[in-house]
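J.: Prediction below, plus the sequence it came from.
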Amino acid sequence: MRKFLLLAGASFALALGAGAAGAAEPPIKIGAFLSATGAAAFLGDPELKTLEMYVEEINKSGGVIGRKLELVAYDDGGDAEKARTFAKRLIEQDQVDVIVGGTTTGTTMAVVPLVEQARVPLVSLAGAVVIIEPVKKWVFKTPHTDRMACEKIFTDMKARGFTKIGMISGSGGFDKSMRQECLGVAKNFGITIAADETYGASDTDMTAQLTKIRNAQVQAVVNPGFGQGPAIVTKNYRQLGMTMPLYQSHGVASKQFIELAGAAAEGVRLPAAALLVAELLPDSDKQKPVVVGYKKAYEARYKTEVSTFGGHAYDGLFIVVDALKRAKTTDKEKLRTAIEETKGYIGTAGVVNMSAKDHMGLDLTAFRMLEIKNGDWTLVQ
Amino acid sequence: MTELLQFVFSGLTVGAVYALVALGFSIIYNASHVINFAQGEFVMIGGMTTVSLMSLGLPMPAAIALAILVGVAVGLALEKFAVEPARNASVTALIIITIGASITLRGLAQIVWDKNAHPMPPFSGDEPIVIAGATILPQSLWVLGAALVIVVALRWFFNGTLLGKAMQAVAVNRTAARLVGIPVQSMLLLSFGLSAMLGAAAGILIAPITLTAYDVGIMIGLKGFAAAILGGLGNGAGAVAGGLLLGVAEALGAGYISSAYKDAIAFVAILLVLFFMPRGLFGAGSAERV
């Protein structure tokens, strides 16, 4: 009996609390599950920091549609199983209005069935094309896909008259997925892949694979890779005295790659987001104010160099904010439609034009072709 | 032909590092019959300490010397605080302790340093040397040369000094060694210090070629273990031969068969050796002592 009374009292208090909050417009709840620790921490950590920074900033300037934002973020450590549990908690316990996250393709795909069933909009920050292809009603994503990276590289190769190329890829998830995409789209550019080699995640010597590629008489080499592998490939490439152009992927588009590969990185080309070369962009570039603004704000607050990954979170948050402004409600169905109708949003990844068929909305102009010169990035015209 | 030479060059370089790690396994195994799975972490500590000391502005030779000392200190501490307190436990328990130690060391490295890969400048120049069409980095010559010096020095130490002979005596018969007055416990401590030194040296030698990171020890440690098994666990010359053989086999496998199975080659080699020649390619043919 006493227990019952206690329970009754507790629920009464809860009801009161909820009522009081309701009077002053409850905050819009933005859920997030990110890999802020673990192997994908270099992606998830800047993402979380970006979300925290901008939610705070938006609230300082009065919030969105007259309501404050509340960020409910969990760290899944890169574990798909945990991501699923946290997403469930976000949907059922925290009752969030929209979810931003999935740092990796693995964590995102684990959550997709949940949000589809619960009908909650999800804006993923992960790369692979499977997230939006086939189109899932409630799922969107902000970063470019690996297929676009391949297309950007092949466009550049075609312009330089290369038709026979070699490929050396890592064996991680990113590497494998991009290799597959490159193999798939190569023929659209009249390019044949004459040598297709791979290396292990912790391999420390790729000269054997590169020797094979060299013997295949190719005109250029592309290395879909992630982590430290591409830096070793680049070093081995120079050691073997290979002189045909080497292309890396957007997976190593960070200063760390130049640092690791050292002088060997000279002349390497790679596709990357505008954010990486914010200051180099011409003033006429529509993205310049956005990327320079984000870069400055992030670097001022966290004292570390901005990364494209944090940029994905920036885009995710502001696509949602933009949609909220147009929908003027947190009704999930209406918010979802508003996200899908995003047009001309200028983010760090590029200009986003979504549609019912395209839940990413980026085109190849989002990527810039860079070349490493004197230990720094330069834009290839 | 050029191709073959190229594969052999890369194979020998990596193989020399495997050999040093394999020697580390063998020395500790001889002294205690323990397989020290933290051997790979010494490789990591050597490389990472050198990189961080150099970033603090220390000249390279000083950083290397200090890094080896740090490696040895960690090796001694491992024996003193993790293995010695459990000296009455079974060998299996001790092996499990070393696995725990390796996970702990890797975790500490993530905290002390970070999770990123780091470059180390080569000892002398980056310009590849061309030999009959194949190229070899000056650093590879350093690796091979230093490994040779270390192996010769170890040989002298074990056969030419009283201390080395005492360690060998412990390896042959622990009880008898104790009876003739050899401090077995100190020999055990020494074996950990010596292995750690070899590991740290290997880590420093290879880092300019392969980069270094908190987790480089896992794969190099496993490959070194494979090399030690291949050559016959506890057999010094076997460890060196096993390391070089494994390195070359990997490079040839990646070059002529498929790069996807490069790592598999090492582990298939262990399995084959364990099935058909349980004492290793160079192990003594004698029966088990009773």
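T.: Alright, I've got the coordinates. Numbers count the residues shown, from 1 in each chain, chains lettered A, B, ... in the order given.

J.: Quick one: residues contacting the residue in the stretch 1-150 of chain B that chain A sits nearest to.
T.: Proximity of the stretch 1-150 of chain B to chain A (CB to the nearest CB) peaks at B:A117, 3.9 Å away. All C-beta atoms are positioned from the backbone trio N, CA, C, and that covers glycine. The contact partners of B:A117, taken as CB atoms under 8 Å, 6 or more residues apart in numbering or on different chains, are A:227-228, A:231, A:256, A:260, B:211-213.

J.: Among the residues you listed, name the least confidently predicted one.
T.: On pLDDT alone, A:G227 ranks lowest of the contacts of B:A117, at 79.

J.: phi, psi of it?
T.: For A:G227, the backbone dihedrals (degrees, to the nearest 10) come out as phi 80, psi -150.

J.: residues contacting B:L94?
T.: B:L94 neighbours (CB under 8 Å, 6+ apart): B:32, B:34, B:83, B:86.

J.: Just the buried ones among the residues you listed, please.
T.: Among these, those scoring as buried are B:32, B:34, B:83 (criterion: 16 or more other CB atoms under 10 Å in any protein chain shown).

J.: show me what contacts B:T104?
T.: Per CB under 8 Å, 6+ apart, neighbours of B:T104: none.

J.: B:G164 too?
T.: Contacts of B:G164 (CB under 8 Å, 6+ apart): B:156-158.

J.: let's go with 6 Å and repeat that
T.: B:157-158 (CB atoms under 6 Å, 6 or more residues apart in numbering or on different chains).

J.: distance of it from B:R155?
T.: B:G164 sits 9 Å away from B:R155, going by CB to CB, to the nearest Å.

J.: in the chain, which spans are helices?
T.: If you meant another chain, say so; for now it's chain A. Ranges of helices in chain A, per DSSP state H, are A:2-23, A:41-60, A:80-92, A:105-118, A:146-159, A:173-185, A:207-215, A:229-239, A:255-261, A:288-302, A:308-327, A:332-340.

J.: Actually, chain B is the one I wanted.
T.: Using DSSP H, helices in chain B cover B:2-32, B:39-55, B:60-78, B:91-112, B:138-160, B:162-172, B:174-179, B:184-210, B:216-231, B:236-252, B:262-276.

J.: With mean pLDDT added, can I get those in JSON lines?
T.: Shown next, in JSON lines, are the helices of chain B (pLDDT from 0 to 100):
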{"stretch": "helix B:2-32", "mean pLDDT": "90"}
{"stretch": "helix B:39-55", "mean pLDDT": "94"}
{"stretch": "helix B:60-78", "mean pLDDT": "95"}
{"stretch": "helix B:91-112", "mean pLDDT": "91"}
{"stretch": "helix B:138-160", "mean pLDDT": "92"}
{"stretch": "helix B:162-172", "mean pLDDT": "89"}
{"stretch": "helix B:174-179", "mean pLDDT": "89"}
{"stretch": "helix B:184-210", "mean pLDDT": "92"}
{"stretch": "helix B:216-231", "mean pLDDT": "90"}
{"stretch": "helix B:236-252", "mean pLDDT": "90"}
{"stretch": "helix B:262-276", "mean pLDDT": "81"}
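
J.: Save those helices as a markdown table, and put in distance to A:Y74 too.
T.: Listed next are the helices of chain B as a markdown table, based on distance: least, CB to CB, whole Å:
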| stretch | distance to A:Y74 |
| --- | --- |
| helix B:2-32 | 40 |
| helix B:39-55 | 31 |
| helix B:60-78 | 36 |
| helix B:91-112 | 21 |
| helix B:138-160 | 45 |
| helix B:162-172 | 53 |
| helix B:174-179 | 54 |
| helix B:184-210 | 36 |
| helix B:216-231 | 29 |
| helix B:236-252 | 42 |
| helix B:262-276 | 35 |
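
J.: can you count the residues close to the residue in the stretch 1-150 of chain A positioned nearest to chain B?
T.: Per CB to the nearest CB, A:A41 is where the stretch 1-150 of chain A lies closest to chain B, at 6.6 Å. The local packing of A:A41 (other CB atoms under 10 Å in any protein chain shown) involves 20 other residues.

J.: and it, how far is that from A:F154?
T.: 32 Å.

J.: B:A101 too?
T.: Distance from B:A101 to A:F154, by CB to CB: 49 Å.

J.: check contacts around A:K141.
T.: Residues near A:K141 by CB under 6 Å, 6+ apart: A:124, A:131-132, A:360.

J.: Excluding residues flanking it in the chain, which one is nearest it?
T.: A:S124 (4.2 Å; CB to CB, 6 or more residues apart in numbering or on different chains).

J.: Quick check: the one you found touching A:T108?
T.: Yes: using CB atoms under 6 Å, A:S124 is in contact with A:T108, at 4.3 Å.

J.: can you count the residues close to B:A260?
T.: 14.

J.: try B:E127
T.: 12.

J.: Then A:R89?
T.: For A:R89, using other CB under 10 Å, the count is 15.

J.: Just to check, B:I99 is in contact with B:A38?
T.: No: in this structure, B:I99 is not within contact of B:A38 by CB under 6 Å, at 7.7 Å.

J.: more crowded one of those two?
T.: Applying other CB under 10 Å to B:I99 and B:A38 shows that B:A38 carries more neighbours, namely 31 against 13.

J.: What separation do you get for that one and B:E79?
T.: 10 Å.

J.: before we move on, the earlier item: next one: the residue of the stretch 1-150 of chain A closest to chain B relative to B:A228, how far apart?
T.: In terms of CB to CB, A:A41 sits 34 Å off from B:A228.

J.: again, but for A:D363
T.: With CB to CB as the criterion, A:D363 and B:A228 are 55 Å apart.

J.: of those two, who's got more company?
T.: Neighbours per residue (other CB under 10 Å) separate A:D363 from B:A228, with B:A228 holding more: 30 against 15.

J.: what sits against the more buried one?
T.: Per CB under 6 Å, 6+ apart, neighbours of B:A228: B:22, B:25-26, B:239.

J.: Tell me the residues of chain B that contact chain A?
T.: Within chain B, the residues that sit near chain A (CB under 6 Å from any CB of the partner chain) are B:3, B:6-7, B:10, B:14, B:117, B:119, B:128, B:135, B:137, B:210-211, B:219, B:251, B:254-255, B:259-260, B:262-263.

J.: Please indicate which of the residues you listed are buried?
T.: Buried among these (16+ other CB under 10 Å): B:3, B:6-7, B:10, B:14, B:117, B:119, B:128, B:135, B:137, B:210-211, B:219, B:251, B:254-255, B:259, B:262-263.

J.: Get me the contact residues on the stretch 51-200 of chain A for chain B.
T.: Proximity of the stretch 51-200 of chain A to chain B (CB under 6 Å from any CB) is limited to residues A:197-200.

J.: With respect to pLDDT, which of these ranks lowest?
T.: Lowest-confidence member of those: A:G200, scoring 81 (pLDDT).

J.: Around that residue, count how many other residues there are.
T.: Residues near A:G200, counting by other CB under 10 Å, number 19.

J.: on that earlier part again, out of the helices of chain B, nearest to A:A338?
T.: helix B:91-112 (42.0 Å; CB to CB).

J.: List the buried residues for that closest one?
T.: For helix B:91-112, burial by neighbour count (16+ other CB under 10 Å) applies to B:94, B:97-98, B:101-102, B:105-106, B:109.
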